[in-house]
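1. Here is a sequence together with a model predicted from it:
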Amino acid sequence: MLPILTGDAGETSLGVPSAAADLFPKTYTAAMLCTRAPLLSADTQCGEVFRQFLADSSISGLAIQEHDGSFGLVDRVSFISLFALPFRPELYAHKPVRDLMERQPLCVDASLSVHDLSARIMTDYPHALHTGFIITQGRQYAGLGRGIDLLQFMLRQMEDMLDQLRASQVELVRKEKMAALGSLVAGVAHEVNTPIGITYTVATHLAESNVAMQARFASGRMSKNDFHSFLNDLDESLQLLLSNTRRATELIKSFKMMAVDQTSGERRIFNLRDYIEEVLLNLRPRLKKTAHRISVECPADLQMDSTPGALAQILANLILNSVTHAYSEDQAGHLTIQVTQPDADHVELRYSDDGCGIPLEQQSKVFEPFFTTQRNNGGSGLGLHLVYNLVSGVLQGQLHLHSQPGQGTMFTIRFRRIASSQSG
């Protein structure tokens, strides 16, 4: 993770929203995860519950209802494992199931979005990933939800989003104005492939372990140690699945937002500090190969009504221009983004590096198209020309360059906080 320096809190790591739940549109609801399972009275004897589990191996759990209408939950694996221990059938067979049920399971309405459901499980009910949860419809029992179904749903959605990301790559690289974003696609795809690969490996391991455990139980050879070992393995695997799906989701979500902004050029309201961090997150695959640091100083509450795609392209081109031209290959640089408000209507963004600077004789040419000192290394000479056009055209602002050889370079951009009706 690229170190970020903030003016008010010292050195921190660039953060992103932690909720993997942002993967899902609001139209996906808990009803999509609902599986039918019997609803039993809390007075039902444990022996009868045990017989129902043995009679139907597809039932992962049973919902229990008390006289006051509240729900409990019995998990198949835990319940059967308890009855497999010596003397437990004699001890519990004639007791009511309320003595062994989970008394406060996670209960959710069928209309709850998967977005909110996954966030709730991760923050308040992580055990529901292996015990399951109860789904209701208008406060009436509707069925059970299983953690494995939620995880499989997450995997399918991530795979669909990754397919969309790859499909968009073809279109993005066709447009010359999207050349900078196109170069980020490979880096983002590479970053996403790692957590996707880990998630697939862990899911495969879980499926194989589950088959082996079922076979051991069916043969009567499952011991208490086997069961505890399986549960420990399950907990570790679930944590790996959650952390890696969250990581992939954050990368894909951030890239998709940046791609939409830069391809559409639409105007919208956004928080400038948060958006700068999103830009840096998308540049991370390129920057993590270097030792450079980036400092960000920007008011946390600065709201913009402008074209974020233009700002993203400006910052990306300035940063990559410094990385390419300002430092030697093994040099560690310090890049700074400073944002201030000279008045209520305007924003001033100063971007600077502490690199080698620009020779005086070249400073009048750097904004000209196709001017580059890196022609032999693949430089197009369009980066700063694009920056100038975006600032003067889309943002209707002013751009100033200040540089001294050996003392770094600064670009000062002044533009309106609320774009005029003619811009964008």
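-> Thanks, I have it.
2. Flag the shaky bits of this protein, pLDDT-wise.
-> 1-26, 166, 168-191, 194, 247, 249-265, 369-371, 373-382, 422-424 (pLDDT under 70).
3. Could you name the residue of it that is farthest from its center?
-> Computed with C-alpha atoms, centre = their mean, the residue of the chain farthest from its C-alpha average is Glu90, at 49.6 Å.
4. quick one: that one from Ser403, how far?
-> Per C-beta to C-beta, to the nearest Å, Glu90 is found 86 Å from Ser403. To be clear about C-beta, it is placed using only N, CA and C from the backbone, and glycine gets the same treatment.
5. Could you check how far Pro285 is from Val387?
-> In terms of C-beta to C-beta, Pro285 sits 21 Å off from Val387.
6. same deal with Ala300?
-> Distance from Ala300 to Val387, by C-beta to C-beta: 26 Å.
7. Between the two, point out the one with more neighbours.
-> Higher neighbour count among Ala300 and Val387: Val387, with 24 against 10, using other C-beta atoms under 10 Å.
8. I'd say the more buried one and Asn317 touch.
-> Yes - here Val387 reaches Asn317: they are 5.1 Å apart, a contact under C-beta atoms under 8 Å.
9. Can you report phi and psi for Leu73?
-> Backbone torsions for Leu73, taken as degrees, to the nearest 10, come to phi -140, psi 140.
10. what sits against it?
-> Counting by C-beta atoms under 8 Å, 6 or more residues apart in numbering, Leu73 touches Gly61, Leu62, Ala63, Ile64, Met101, Glu102, Pro105, Thr131, Gly132, Phe133, Ile134, Leu144.
11. Correct me if wrong: the fourth one contacts Phe79.
-> Looking back up the chat, that one is Ile64. No - using C-beta under 8 Å, Ile64 is not in contact with Phe79, being 11.0 Å away.
12. more neighbours, these two?
-> Ile64 (28 against 20).
13. Helix, strand, or coil at Leu238?
-> helix (DSSP: H, G, I helix; E, B strand; the rest coil).
14. Could you report the separation of the residue lying closest to it once chain neighbours are set aside from Leu106?
-> Spatial nearest neighbour of Leu238, excluding adjacent residues (C-beta to C-beta, 6 or more residues apart in numbering): Leu129 at 5.0 Å. Per C-beta to C-beta, Leu129 is found 10 Å from Leu106.
15. Touching both of these two, which residues are there?
-> Contacts common to Leu129 and Leu106, judged by C-beta under 8 Å, 6+ apart, are Ile121.
16. was I right about Val391 contacting Phe411?
-> No - the pair Val391 and Phe411 does not pass the contact test of C-beta under 8 Å, sitting 9.1 Å apart.
17. Now the common contact residues for these two.
-> Leu399.
18. Same question for stretch 385-397: list its buried residues.
-> His385, Leu386, Val387, Tyr388, Asn389, Leu390, Val391, Val394, Leu395, Gly397 (16 or more other C-beta atoms under 10 Å).
19. for the third one, what are its contacts?
-> This means Val387. Gln313, Ile314, Asn317, Leu318, Phe367, Leu399, Phe411.
20. Which one of the residues you listed is nearest to Ala203?
-> Gln313 (37.8 Å; C-beta to C-beta).
21. Now do the closest one against Glu368, distance only.
-> Applying C-beta to C-beta to Gln313 and Glu368 gives a distance of 18 Å.
22. Look at these two and report which has more neighbours.
-> Gln313 (27 against 12).
23. so the more buried one makes contact with Tyr388?
-> No - applying C-beta under 8 Å, one finds Gln313 not in contact with Tyr388, separated by 11.7 Å.
24. related to what we said a few turns ago, kindly reformat the contacts of Val387 as TSV containing distance to Glu278 and secondary structure.
-> Below are the contacts of Val387 laid out as TSV (distance: C-beta to C-beta, whole Å; DSSP: H, G, I helix; E, B strand; the rest coil):
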residue	distance to Glu278	secondary structure
Gln313	13	helix
Ile314	14	helix
Asn317	16	helix
Leu318	16	helix
Phe367	26	coil
Leu399	22	strand
Phe411	20	strand
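25. Those residues: which two are farthest apart?
-> Among these, Gln313 and Phe367 lie farthest apart (C-beta to C-beta), at 14.8 Å.
26. in the stretch 51-200 of the chain, which spans are helices?
-> 76-83, 88-92, 114-124, 128-131, 147-172, 179-218 (DSSP state H, counting those that start in this stretch).
27. now, of the ones you listed, which is deepest in the fold?
-> Neighbour counts (mean count of other C-beta atoms under 10 Å) averaged over each of the helices of the stretch 51-200 of the chain peak at helix 128-131, with a mean of 21.
28. Could you dump the contacts of Val387 into CSV and include distance to Ala212?
-> Formatted as CSV, the contacts of Val387 follow (distance: C-beta to C-beta, whole Å):
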residue, distance to Ala212
Gln313, 53
Ile314, 56
Asn317, 54
Leu318, 55
Phe367, 66
Leu399, 64
Phe411, 61
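29. and of these, the nearest to Arg246?
-> Taking C-beta to C-beta as the measure, Arg246 lies nearest Gln313 of the contacts of Val387, at 28.1 Å.
30. Go ahead and confirm Lys95 touches Cys46.
-> Yes - the pair Lys95 / Cys46 is scored as a contact, 5.3 Å apart, by C-beta under 8 Å.
31. Name the residue in the two with the higher neighbour count.
-> It is Cys46, of Lys95 and Cys46, that has more neighbours when counted by other C-beta under 10 Å, with 24 against 12.
32. which residue packs closest to the more buried one, ignoring adjacent ones?
-> In space, Cys46 is closest to Tyr92, 4.5 Å off (C-beta to C-beta, 6+ apart).
33. so what's the one you found up against?
-> Cys46, Gly47, Leu82, Phe83, Asp99, Leu100.
34. Among the contacts of Leu73, name the ones in strands.
-> Among the contacts of Leu73, DSSP state E puts Gly61, Leu62, Ala63, Ile64, Phe133, Ile134, Leu144 in strands.
35. Much appreciated, bye for now.
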